[in-house]
Structures are given as structure tokens and as C-alpha cells.
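**Student:** Just to be clear, the model below is a prediction. Sequence and coordinates:
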Amino acid sequence: HGDAIPDSLTLSPAPPAPGTAWAQLDEAVAREAVTMRGSARFQQAHTDADLSFPAGADQFSCALGLPVTAAQTPTLYRLLERSRIDASAATKAAKNHYKRPRPFTVNNEPTCTPEDEADLRKNGSYPSGHTAIGWAWALILAEIAPDRATALLERGRNYGHSRLVCNVHWYSDVQQGQFMGAAAVARLHDNPEFNADLAKARRELDHARTLKLPMPRDCAAETAALTSDIPEAR
């Protein structure tokens, strides 16, 4: 959709300088995050890291109360897949400019995705791309399913916090990722194709709700895992 990607370099202040209050908060959150290693919340962070499709389409299914599939909700599926690309692109200029090292390269503690660490070392930490994508999804889904908006926005927030628990992002990365995700969605609203897909996805969702489709994941376990959060990250 996005032929007008927000300028993350203009919109993103430099990441916290060492010794500042902002940097100290980042470090405090990172110290709390590593204590969650091995917990159900840490396992949820591993699950949340998967942005590939079809898995990515179901990251918000519990909050939505409905599975998102290429077969039953094809427009919504495509909307999430394409907005993932737009929201990710909205963080790239700042990521490439600042090249901020990720927490695990500083504290030498494990991440929730050891298989991704080699790539993450080469990819700037600030702003968080996963967070931008998750927040964009939360905003889009809240617009399509306003009756589920609170649950979806809460899921958007804890989806970003999973990057803290995973030890792959600093708190300020996540905060700025949310900002860039919102900026990407704001720009998408100027796109006629995006707006047409929103309307179509609403109709799809209304129909899918009548089908009583089985949920693709254990929502009770997900909800329980997500009740654990980092006190300093709010």
C-alpha cells in the first residue's frame, strides 16, 4: 500500500545518550527483562517474534476473538501482510542511520530467538520494527473491530514489550517503534486501496464471526503469559 512512508529519521530523535536518565531507564528495563528468561512470558516473546505468514496473521487472533486466514478472511490477511511491510519500512531509515547495538550485544545475555541473533547483530535496534508492525496491526484491527479495540490495543502494547522480554530491544526502541507504527497507519489512510480494503475486511470479519471457527492457539495460556510484564516499562 505505502507509497508514502513516514520519514523515520526526521521523526526519530537520536537514541538515549549514555549516562542520561533515558538511557538509565533503558538499562533498568533491560535488567528486569533478563529475569524473565525461561518463563511463560519469555516463551510468548519467542512466539511473538514470528512475523512470517501465515503465523503472523494470527498474532492478534486471541485479542480479535477470531482466526485470520487466507481462506476465510483473505482481505484482512492481505491487509496485515501488506501493512507489515509498510510499518517495517517506516523504521528503516532511522535504524540504518543510528545503528544502535541491541541489548543482548551489550549485556551478553541470551535472547528468546537464538536463531535470529546473527541477523539482529547486523540490524539497528532503534526504532523497533516488530513494535511498529504490532502497533500498526493493533490500530488497523481496532478500526475494523471496534468492539474489540481495548483488547487489540493492549495486545499491541504487549507485542512490543515482547521485544524487551526477548532481550533484543531497549525500551526507547519500543516507544519509538510504536510512534512510527502509528505514523505509518496515518499515511495509509490517504491510500484509496487501503481504505477500500478496510471496508471489505470489516464485512469479512462480520461474516467470519458467524462461522464459529476454531481458534488457532491456546488463548487462555497466551492471556496468562501476557499478565507478566516489566514494571518499569509502562
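**Tutor:** Thanks, I have the structure now. Numbering: from 1, shown residues only.
**Student:** how about residue 88, what does it touch?
**Tutor:** Residue 88 makes contacts with 129, 132-133, as judged by CB atoms under 8 Å, 6 or more residues apart in numbering. No exception for glycine: its C-beta is placed from N, CA and C like everyone else's.
**Student:** which one among the residues you listed gets closest to residue 12?
**Tutor:** Among those, residue 132 lies closest to residue 12 (CB to CB), at 10.9 Å.
**Student:** Quick check: of the contacts of residue 88, which lies closest to residue 47?
**Tutor:** Nearest to residue 47 among these, counting by CB to CB, is residue 133 at 14.8 Å.
**Student:** element containing the closest one, please.
**Tutor:** Assigned by DSSP states H and E, residue 133 belongs to helix 129-144.
**Student:** buried stuff in that helix?
**Tutor:** 129-142, 144 (16 or more other CB atoms under 10 Å).
**Student:** which residue is nearest the centroid of the protein?
**Tutor:** Nearest residue to the geometric centre of the chain (CA atoms, centre = their mean): residue 134, 2.5 Å.
**Student:** Isn't that residue up against residue 160?
**Tutor:** Yes. Using CB atoms under 8 Å, residue 134 is in contact with residue 160, at 5.5 Å.
**Student:** Which parts of the protein are helices?
**Tutor:** In the chain, the helices defined using DSSP state H lie at 8-11, 21-34, 40-48, 61-64, 74-98, 103-107, 117-121, 129-144, 149-165, 171-188, 192-208, 219-226.
**Student:** which one of those helices lies closest to residue 55?
**Tutor:** Closest approach to residue 55 among the helices of the chain is made by helix 40-48 (8.5 Å; CB to CB).
**Student:** farthest-separated two in the buried residues of helix 129-144?
**Tutor:** 129 and 144 (22.5 Å).
**Student:** Switch the helices of the chain over to JSON lines; also include mean pLDDT and distance to residue 233.
**Tutor:** Output for the helices of the chain, formatted as JSON lines (pLDDT from 0 to 100; distance: least, CB to CB, whole Å):
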{"stretch": "helix 8-11", "mean pLDDT": "94", "distance to residue 233": "21"}
{"stretch": "helix 21-34", "mean pLDDT": "96", "distance to residue 233": "5"}
{"stretch": "helix 40-48", "mean pLDDT": "97", "distance to residue 233": "12"}
{"stretch": "helix 61-64", "mean pLDDT": "97", "distance to residue 233": "19"}
{"stretch": "helix 74-98", "mean pLDDT": "96", "distance to residue 233": "19"}
{"stretch": "helix 103-107", "mean pLDDT": "97", "distance to residue 233": "13"}
{"stretch": "helix 117-121", "mean pLDDT": "95", "distance to residue 233": "20"}
{"stretch": "helix 129-144", "mean pLDDT": "98", "distance to residue 233": "12"}
{"stretch": "helix 149-165", "mean pLDDT": "97", "distance to residue 233": "6"}
{"stretch": "helix 171-188", "mean pLDDT": "97", "distance to residue 233": "5"}
{"stretch": "helix 192-208", "mean pLDDT": "96", "distance to residue 233": "31"}
{"stretch": "helix 219-226", "mean pLDDT": "96", "distance to residue 233": "13"}
